[in-house]
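Undergrad: Requesting a structural model of the entry that follows:
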Amino acid sequence: MSHASEKWMASLPAHALAYAVATIVVGAVVRLVFPFILPVRIVEGPLVQGADGDQATLIWYTNRHVHCDVRAGDSGAPLQRAEVDGTRHRIRLTGLPRDKDQRYEVLCESRVLHKAALKSVQPAATAFGFIVFGDSGRGSSEQYRLAQRMEELAGSDARVKFLLHTGDLVYGAGQRSDYRDRFFAPYRRLIDRLCFWPSLGNHDVSEPNPAQAYREVFELPENGPAGLTPEENYWFDFGSARIVVADTNLAEAELAARVAPWMASAFAAAPHAIRWRFAVFHHPPYTVGPHVKDESRPGIERVMVPAIQAAGVDIVFCGHDHLYQRTRPLWNGVPTGQEAVSSAPAPAAGERGAEGRGVVYIVSGAGGAKLYEAAPAASRPAYFEKVIDNIHSFTHVAIDGATLHLRQISVNGEILDDVTMSGR
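TA: So this is what the prediction gives:
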């Protein structure tokens, strides 16, 4: 208590002093006890992470410390106690069916607080799909509307199995306090049933402790490059696809020494059943958006493109520029079949580039932030087959064996791009 407060209380009559003291004591007790008499509720999540075969992790946050349970299956299934750390809850579910969705309930203090159905993880030979988007976390009406459009697609197409984000999850600087309204709220009916795979954008690493909130919220594979922070680079398999997610916020020297070799080895180690290879990172090596002028872009091209080509990657998904764009298949920065002018090595016999395939580069960065204007059509390289910069959108990828069908879908449901590719 301050000296001024002590003088004020000393000047009060006895009954007023007693009232003042009682008010202070009651206020302190209310502040201490009130959180524990509030009805418990889930304020963030559940969030599906690490879906792999017959396992998946659920993460959620409550408004106060409490123990929670999960029931996976029908009403007669046993309860499983979740780990709790403050208000963060986590449980690893095992024995999930591979051929059908798994219903689950989250219970806290014996009350059911959430119900959903986890999407199944299917064998490699089964058709599946996923959604790609990025540069989303503004809390804008467009972000919420686009999330609703994605939810409608996931609800109507059972093949949609996971979400893939190209970075800039939460503007302006990736603060933990902004995750509730700019990530959890807009995607609440997606991330509770579809596994969400993020990547780090420049806005996700710009707070005083870079990516601290990202690492606290998400639980990702720790299979990245040695010597770098775990979970910020990782890979995973789904069905017939291997997806490698890289952090391109790093300096060019770090990318060259650690990330690019790791990416190449991750793809090289893929089993025979892997038919499709996708790379995901925030900064595009090729773009007609304003970030084409970034000082770091040439370094991304110098370091990442040769590794991508050598690994036989089919599609690279990026963000950073707030628009949608798709290139023709490229090798060394030019369409396949044309003479390369880059200093990157030409494909050796037997490499996928030698078969005339090349790599398709997609920027899916129209997820909710203010859109960027692309360079005028007359000044764009001819290898950009599609550029959409006037409406928010997301990418839908559907894979069935050796066929990939890609569509870009606007916030209004319009099909902006529609292309089919053949795999190996």
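Undergrad: Around A158, how many other residues sit close by?
TA: 14 (other CB atoms under 10 Å). Bear in mind the C-beta positions are built from the backbone N, C-alpha and C, glycine included.
Undergrad: which helices and strands does the top strand by length along the chain pack with?
TA: Longest strand of the chain, by residue count under DSSP state E: strand 42-52. Where contact means 3 or more CB pairs under 8 Å, 6 or more residues apart in numbering; DSSP states H and E, strand 42-52 is packed against strand 55-62, strand 102-108, strand 111-118, strand 195-197.
Undergrad: I'd like the ones you listed laid out as JSON lines, including mean neighbour count and mean pLDDT.
TA: Formatted as JSON lines, the helices and strands packed on strand 42-52 follow (neighbours: other CB atoms under 10 Å; pLDDT from 0 to 100):
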{"stretch": "strand 55-62", "mean neighbour count": "21", "mean pLDDT": "97"}
{"stretch": "strand 102-108", "mean neighbour count": "20", "mean pLDDT": "97"}
{"stretch": "strand 111-118", "mean neighbour count": "15", "mean pLDDT": "97"}
{"stretch": "strand 195-197", "mean neighbour count": "22", "mean pLDDT": "98"}
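Undergrad: where along the stretch 51-200 of the chain do the strands fall?
TA: Counting by DSSP state E, counting those that start in this stretch, the stretch 51-200 of the chain has strands at residues 55-62, 68-72, 79-81, 83-85, 88-93, 102-108, 111-118, 128-133, 160-165, 195-197.
Undergrad: what are the pairing partners of the last one, and which direction each?
TA: Meaning strand 195-197. strand 160-165 (parallel) (DSSP bridges).
Undergrad: just the angle between the partner strand and strand 128-133, please?
TA: Here the directions of strand 160-165 and strand 128-133 differ by 20 degrees (axes from the mean of the first three to the mean of the last three CA atoms, to 10 degrees).
Undergrad: Next SSE downstream of strand 160-165?
TA: helix 179 (DSSP states H and E).
Undergrad: any idea how far that following helix is from the chain center?
TA: Helix 179 has its C-alpha centroid displaced from the chain centroid by 12 Å (CA atoms, centre = their mean, to the nearest Å).
Undergrad: Go through the strands of the stretch 51-200 of the chain and name the closest to G423.
TA: Each of the strands of the stretch 51-200 of the chain has some distance to G423 by CB to CB; the shortest is strand 128-133, at 13.3 Å.
Undergrad: What segments of the stretch 151-300 of the chain are helices?
TA: For the stretch 151-300 of the chain, the helices defined by DSSP state H, counting those that start in this stretch cover 179, 212-217, 252-254, 260-268, 297-310.
Undergrad: Any idea which of those gets closest to Q49?
TA: So among those, helix 212-217 is nearest, using CB to CB, at 9.3 Å.
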